[in-house]
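A.B. asks: Requesting a structural model of the entry that follows:
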Amino acid sequence: MAVLLQVLAGIISVFFTGYSVFFAVVFCGYFRRKKKFPEAAPKTRFAVLIAARNEEKVIGDLVDSLLKQRYPRELYDVVVIPNNCRDHTAQRARKHGAKVLECTVPVKSKGEVLQFAFSRLMKEKKYDAFCVFDADNVVDPGYLEAMNRAFCSGARIAQGYRESKNPGSSWVSGSYSIYFRMIAECVNRPRAAWGLPVFLGGTGWAVSSSCLDERGWETASIVEDCEYSLKCVLWGEEVAWVHDAITYDEQPVSFRQSFTQRRRWSSGMLQLLPRFAPQMLRGARAGKIISRLDALLSVSAPLIQVVSCVPSLLLGAAFLLDGGKAGGTALLFCVLIPFLMNILGTTLAAGFLACIGTGYRKGLYKGILTYWLFTLSWAWISCISLFRKTSAWKEIRHTEAVGSISEVLGKQPV
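C.D. replies: This next block holds a predicted model:
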């Protein structure tokens, strides 16, 4: 029995090594030249949308950063959409100079808030594109300039660079900061270089009015960004990667907040997988195999995390079944030593990620030292989400107002 379990563990390990090799091929795209959009005169009329739920503490800094864009003020409006609020989010937004679009229909998720806002604002025929932010963000002064270049070059949907504004607050926020660096530098950037699908990342993205006119906006999950990205792959719509459109996002500080957020992400993707997998596979037979299988692998990440734990569990079972004899050696060489090597490798990779992109940020060492724990806990969260799914969007309270865009940029490396 022990030998059989070890063989099964080996087969599973080989399969996921193959997946890792695939990822390495994608990673090689990092060394390709970044795609740059040519300079363009300010032309795109933007509506900047902020879905806000009890965000009185942070909404002002975001609105201020948006009103300080290096972009003609007459070419964009900042629109806050308060929903299910019990505080003074709307009043604070107006005080800082934003327009407020009161949500007059019941909404349970960010996707539903955006659907309401798009349906109202599209009727005005006033805007060429819509940018979407979370209320806890602050935005680089050149964000709209960069997005204008992308849309003037023909982009219909675009995703910007998601950075963190509080990397040194805790080991959790530091780990998130490194994670989003990885998504930007080692996933989105190389995928754009190879022509593979880029996924929307929740905030700092934009969509053109022409795309909404043609495709609409309708999402039913608690991960509206991932769901719409999958639809884009099915439609053949390319999501442009705009490397220099930077958004600074406040990350959870406590593990409890992180658990709630990552559980929503994992559970949402696990629910999308059976819904979209048949369509992706049908599309693959129709001649779009690379892009669609890549997208399918991306949305399968939580399931992959769960299954990747199986070899260690099988070897542990073998160790118990044979009384701790032969299985003990297998456990040592196939589980414990690789686990320690994984910690070392993950820590070195985290150190690399902490120094690229926008550079090392003060306090980020906490994330470097604990990133292995962050990734390990995600596998555990995915296991829970597989067997106890959630369809509820739970509010993540922002516990610290990190500051204005000038303060955040002031914390950049000298």
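A.B. asks: hang on, isn't Ser210 packed against Ala155?
C.D. replies: No. Using Cβ atoms under 8 Å, Ser210 makes no contact with Ala155, being 10.8 Å away. Where you see a C-beta, it was placed from the backbone N, CA and C, and this is true even at glycine.
A.B. asks: Compare these two (neighbour count), which wins?
C.D. replies: The residue with more neighbours, out of Ser210 and Ala155, is Ala155; 22 against 12, by other Cβ atoms under 10 Å.
A.B. asks: Which pLDDT value does the model give the more buried one?
C.D. replies: Predicted confidence (pLDDT) for Ala155: 97.
A.B. asks: Quickly note the distance from it to Trp241.
C.D. replies: Distance of Ala155 to Trp241, computed by Cβ to Cβ, to the nearest Å: 10 Å.
A.B. asks: Show the low-confidence segments of the stretch 1-150 of the chain, by residue range.
C.D. replies: Residue ranges of the stretch 1-150 of the chain with pLDDT under 70: 1-34.
A.B. asks: Could you pull out the strands in it for me?
C.D. replies: Under the criterion DSSP state E, counting those that start in this stretch, the stretch 1-150 of the chain contains strands at 46-52, 76-82, 99-100, 129-134, 138-139.
A.B. asks: ok, now the stretch 151-300 of the chain?
C.D. replies: With strands called from DSSP E, counting those that start in this stretch, the stretch 151-300 of the chain shows them at 157-164, 205-208, 239-249.
A.B. asks: can I get the ones you listed in CSV with distance to Lys110 and mean neighbour count?
C.D. replies: Shown next, in CSV, are the strands of the stretch 151-300 of the chain (distance: least, Cβ to Cβ, whole Å; neighbours: other Cβ atoms under 10 Å):
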stretch, distance to Lys110, mean neighbour count
strand 157-164, 15, 26
strand 205-208, 12, 26
strand 239-249, 14, 24
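A.B. asks: Quick one, which of these gets closest to Asn188.
C.D. replies: Asn188 lies closest to strand 239-249 among these, at 5.0 Å (Cβ to Cβ).
A.B. asks: what helices or strands is the top helix by length along the chain leaning on?
C.D. replies: Taking DSSP state H as the criterion, the chain has its longest helix at helix 255-283. Identification of packing neighbours for helix 255-283 by 3 or more Cβ pairs under 8 Å, 6 or more residues apart in numbering; DSSP states H and E yields helix 171-182, helix 224-235, helix 289-299, helix 301-308, helix 365-387.
A.B. asks: if we can go back for a sec, out of the strands of the stretch 151-300 of the chain, which comes closest to Ala52?
C.D. replies: strand 239-249 (14.5 Å).
A.B. asks: Give me the residue at the spatial middle of the chain.
C.D. replies: The residue lying closest to the centre of the chain (Cα atoms, centre = their mean) is Gly201, at 3.7 Å.
A.B. asks: what's the spacing between that one and Thr375?
C.D. replies: In terms of Cβ to Cβ, Gly201 sits 18 Å off from Thr375.
A.B. asks: report the angle between the axes of the longest helix of the chain and helix 224-235?
C.D. replies: Inter-element angle recorded for helix 255-283 and helix 224-235: 10 degrees (by axes from the mean of the first three to the mean of the last three Cα atoms, to 10 degrees).
A.B. asks: pLDDT on helix 255-283, on average?
C.D. replies: Computed over helix 255-283, the average pLDDT equals 91.
A.B. asks: Okay, angle between it and helix 301-308 too, please.
C.D. replies: Using the same axes, to 10 degrees: helix 255-283 against helix 301-308 is 100 degrees.
A.B. asks: Return the set of buried residues in helix 255-283.
C.D. replies: Applying a neighbour-count criterion of 16 or more other Cβ atoms under 10 Å, one finds 255, 257-273, 276, 280, 283 buried in helix 255-283.
A.B. asks: from the chain's centre, how far out does stretch 180-188 sit?
C.D. replies: 9 Å (Cα atoms, centre = their mean, to the nearest Å).
A.B. asks: and what of stretch 40-48?
C.D. replies: Distance, centroid of stretch 40-48 to centroid of chain: 25 Å (Cα atoms, centre = their mean).
A.B. asks: end to end, how far does it reach?
C.D. replies: 20 Å (Cα to Cα, to the nearest Å).
A.B. asks: which residues sit against that stretch?
C.D. replies: 66, 71-72, 75-79, 121, 126-131, 133, 144-145, 147-149, 151-153, 206 (Cβ atoms under 8 Å, 6 or more residues apart in numbering).
A.B. asks: now do stretch 206-219
C.D. replies: Against stretch 206-219 from outside (Cβ under 8 Å, 6+ apart): 46, 109, 111-112, 114-115, 118, 122, 127-132, 147, 150-151, 155-158, 160, 227-228, 231, 235, 237.
A.B. asks: how about the nearest residue to Glu224 once chain neighbours are set aside, what does it touch?
C.D. replies: Excluding the flanking residues, the one nearest Glu224 by Cβ to Cβ, 6 or more residues apart in numbering is Gly111, at 3.1 Å. Contact analysis of Gly111 by Cβ under 8 Å, 6+ apart lists 219-222, 224, 227.
A.B. asks: Report the spatially nearest residue to Cys309, omitting neighbours in sequence.
C.D. replies: Using Cβ to Cβ, 6+ apart, the nearest residue to Cys309 is Ala379, at 5.7 Å.
A.B. asks: now Leu386
C.D. replies: Among residues not flanking Leu386 along the chain, Val306 sits closest, at 5.4 Å (Cβ to Cβ, 6+ apart).
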